[in-house]
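**Student:** test case, fold it:
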Amino acid sequence: MKLKINREDFLKVFQTAAMVSPVRSPRAILQNVKLDVHKDHTVLTATDTEVGVRLNVEQVEVDAPGTAVFPVARLNMILRESSDEFLSIEAGDGKAVVKGAHSRFELQTQNPDEFPEVSGFEEKSCYQIRAGAMRELIRRTLFATDTESSRYALGGILLEVDGDTLVGVGTDGRRMAKMEIPVKITGKPEMAGGTTIVPSRSMQLMERILPDGDTEISLAIRSNDLVMGMPTGVFNTRLVEGRFPKWRDAIPNRKDSQKIDLPVGPLYTALRQAAIVASEESRGIDFTFSDGSLVLSSSTADVGQSRVELPVSYDSGELVIRLDNRYIGDFLRVLQPDRTFTLDVEGPQSAAFCSTDDKYGYVIMPLQRGQEK
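**Tutor:** Numbering: from 1, shown residues only. Predicted coordinates:
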């Protein structure tokens, strides 16, 4: 195998693949990436057996096709530390030589036959989604999952297709985030059991790997895995086994509750100020609505008290609900500061429901005094 690469272009693809490769593994081969060089295309592959990625490498001049497996850490350092615009790579007989204009590195390589296979995207039936919309779905639901729960289903994002809509849901049992985005259907794809749970770590990696904005991606969901096809390559992941909570039952459907429009940016600023005196044992912030105002207040015995007032459009009687500052902060952080959202609140004992006009919803269970841990 012999080729010449544009160092910066190759480094970008390499670092994306390196995110999938484990830093430590009982299988040493997984701490490597595989480079498949063909006359008309070059592919970089990485996997930890749970998640796999195949990425196309551009700006390559191929002198001799071939396959080699490189150690992630060492090759990454060479690519980062070199100042050359182009590097040549030649590999064979268990070693590789990387050369620049004034540098030469020799690395030991592994047997390509031992590297796990990562399949390409060959599905005829799939869901087609705009990459930017998929990234937004992940960003707005991932934070609500629980990666430490013994209930494995909570350590992932639920995906459901409902007509021409893809629904993503994340929950840790105390709050729940739901996002809907449009989807186009090609062929007759089927989700196993009607729903799919994708591990949180896989979704985090997918968000980083997704191409920009309006680029269209394809998702194929099978019984045990999800495969995503992109113009830049392929990403696949195993699915989570387990039963996801009945998330639709958690969304309040109330007629007599108060529905209050609130500004994202100003509320987030007020929340951060009110939370200055909060602690790990006392995370609750009292949201007190009265005519024309919202007061956020907190009190911690060994720290002090806070009170922050914000003008809002509210003209009913006093209404108080106590919320975890981290949970409401997580919601506000994934929205644009100049946006507004609607808070559906009934009283101190009932769940609060936040929603936006782009089909994003967030349920938060209220806190009771003395029960904040």
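
**Student:** you'd agree residue 100 is up against residue 82?
**Tutor:** Yes: look at residue 100 against residue 82 with CB atoms under 8 Å: they come within range, at 5.4 Å. For every residue, glycine as well, the C-beta is placed using N, CA and C.

**Student:** now for residue 19: which residues touch it?
**Tutor:** If you count contacts by CB atoms under 8 Å, 6 or more residues apart in numbering, residue 19 has them with 46, 205, 208, 209.

**Student:** how about residue 66?
**Tutor:** Shown in contact with residue 66 (CB under 8 Å, 6+ apart): 1, 2, 37, 91, 92.

**Student:** and the second one, how far from residue 153?
**Tutor:** Put plainly, it is residue 2. Residue 2 sits 48 Å away from residue 153, taking CB to CB, to the nearest Å as the criterion.

**Student:** can I see the domain layout of the protein?
**Tutor:** 2-114, 126-247, 252-364 (automatic domain parsing).

**Student:** go ahead and name everything in contact with stretch 319-333.
**Tutor:** 143-144, 174-175, 177, 258, 264, 267-268, 271-272, 274-275, 278, 283-290, 298, 345, 347-348, 352, 354, 362, 364, 366-369, 372.

**Student:** what's the end-to-end length of that stretch?
**Tutor:** One end of stretch 319-333 sits 24 Å from the other (CA to CA, to the nearest Å).

**Student:** in it, what counts as buried?
**Tutor:** Buried residues in stretch 319-333, counting neighbours by 16 or more other CB atoms under 10 Å, are found at 319, 321, 322, 323, 324, 325, 327, 328, 329, 330, 331, 332.

**Student:** coming back round to it: got the contacts of residue 19 as CSV, with neighbour count columns?
**Tutor:** Converted to CSV, the contacts of residue 19 look like this (neighbours: other CB atoms under 10 Å):
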residue, neighbour count
46, 26
205, 20
208, 12
209, 23
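
**Student:** is it true that residue 98 touches residue 107?
**Tutor:** Yes: using CB under 8 Å, residue 98 is in contact with residue 107, at 7.0 Å.

**Student:** between these two, who's got more neighbours?
**Tutor:** residue 98 (23 against 17; other CB atoms under 10 Å).

**Student:** ok, now which ones touch that one?
**Tutor:** Applying CB under 8 Å, 6+ apart, we find residue 98 in contact with 75, 78, 87, 88, 89, 104, 105, 106, 107.

**Student:** going through the residues you listed, which ones are buried?
**Tutor:** When burial is judged by neighbour count using 16+ other CB under 10 Å, the buried members of these are 75, 78, 87, 88, 89, 105, 107.

**Student:** looking at those, which is nearest residue 168?
**Tutor:** Nearest to residue 168 among the buried ones among the contacts of residue 98: residue 75, at 34.9 Å, using CB to CB.

**Student:** doesn't that closest one belong to a helix?
**Tutor:** Yes: assigned with DSSP: H, G, I helix; E, B strand; the rest coil, residue 75 falls within a helix.

**Student:** what residues are up against it?
**Tutor:** Going by CB under 8 Å, 6+ apart, residue 75 touches 14, 33, 98, 107.

**Student:** what sits up against the helix or strand hosting the first one?
**Tutor:** For residue 14, the host element (DSSP states H and E) is helix 7-18. Where contact means CB under 8 Å, 6+ apart, the residues beyond helix 7-18 that reach it are 33, 44-46, 53, 55-60, 72, 75-76, 79-80, 82, 84-87, 100, 208-209.
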